[in-house]
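Q: Got a sequence here, can you build the structure:
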Amino acid sequence: MAILEKVMEVKKFHIEGLAEFKPRVFNDDRGYFFESFNLAFFNKNISDLKFVQDNQSMSKKGVLRGLHFQKPPFEQGKLVRVITGSALDVAVDIRKASPTYGQHVSVILSSEANNVFWIPPGFAHGFLSLEDQTIFSYKCTNFYDFESEDALKWNDKDLKIDWGVIDPIVSEKDQEAQEFENYSSPF
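A: Residues are numbered from 1 along each chain as shown. Sure thing, here's the model as predicted:
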């Protein structure tokens, strides 16, 4: 298993559970190759993962999606990456017993960096597309369940997320999401 150490570089954050992975990229005159997912590597660095659904979206520059999550028993862990373009990706800790409850981590994901961000269950998640035609892809540990979906307001004053934009393109549903101070987390 020593070969697994060469697959990706792992970066941990001040919020337990979150991790960024930077794959080893092999370039030559034909192009490039890298492993964006290796089950043995991720299980060694995160936990026993079981992905059941892959999702993909395309967004214009300035589109902000989030902050989304699913409530138990349909909570989802997400392994996210950008295939084309770039995005500011944000994960907010909504685990009540966590010492970092209400804090967030932001990561720039890009097709140039080929980085991958792990967001475990118990986090609200959102991203801002930084380029036109940004293709965002993510693996989920649980199936989508309409009745379990929920969201926090992307520009919540208590979360203090610096999205770097003043007037992003946001869905009506995301504009009407709940405020953090009034939210009672099931996590």
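Q: Contacts for the lowest-mean-pLDDT helix or strand in the chain next, please.
A: The helix or strand of the chain with the lowest confidence, counting by mean pLDDT, DSSP states H and E, is helix 39-45 at a mean of 77. Helix 39-45 is contacted from outside by 1, 4, 7-8, 10, 19, 21, 35, 49, 79, 118, using C-beta atoms under 8 Å, 6 or more residues apart in numbering. From N, CA and C alone the C-beta is placed, and that goes for glycine too.
Q: cool, and stretch 11-20?
A: Contact with stretch 11-20 is made by 10, 21-22, 45-46, 91, 93, 98, 100, 103-105, 107, 115-120, 122-123, as judged by C-beta under 8 Å, 6+ apart.
Q: buried stuff in it?
A: Buried residues in stretch 11-20, defined by neighbour count with 16 or more other C-beta atoms under 10 Å: 13, 15, 17-20.
Q: So which of the residues you listed are in strands?
A: For the buried residues of stretch 11-20, membership in strands holds for 19-20, with DSSP state E as the criterion.
Q: could you point out which element follows the host helix or strand of His125?
A: Using DSSP states H and E, His125 falls within strand 123-129. Sequence order places strand 134-140 as the next helix or strand after strand 123-129, per DSSP H and E.
Q: What strands flank that next one, and is each parallel or antiparallel?
A: strand 53-59 (antiparallel), strand 78-84 (antiparallel) (DSSP bridges).
Q: Any stretches of this structure with poor pLDDT?
A: For the chain, the stretches with pLDDT under 70 are 1-6.
Q: any chance you could map the helices in the protein?
A: In the chain, the segments counted as helices under DSSP state H are 39-45, 172-175.
Q: which residue sits closest to Glu181, ignoring its sequence neighbours?
A: Of all residues not flanking Glu181 in the chain, Asp158 sits nearest, at 5.5 Å (C-beta to C-beta, 6 or more residues apart in numbering).
Q: is it true that that neighbour touches Tyr183?
A: No - taking contacts as C-beta atoms under 8 Å, Asp158 lies outside contact range of Tyr183: 9.7 Å.
Q: which one of those two has more residues nearby?
A: Tyr183 (18 against 12; other C-beta atoms under 10 Å).
Q: Tell me who's in contact with Gln178.
A: By C-beta under 8 Å, 6+ apart, Gln178 lies in contact with 150-153.
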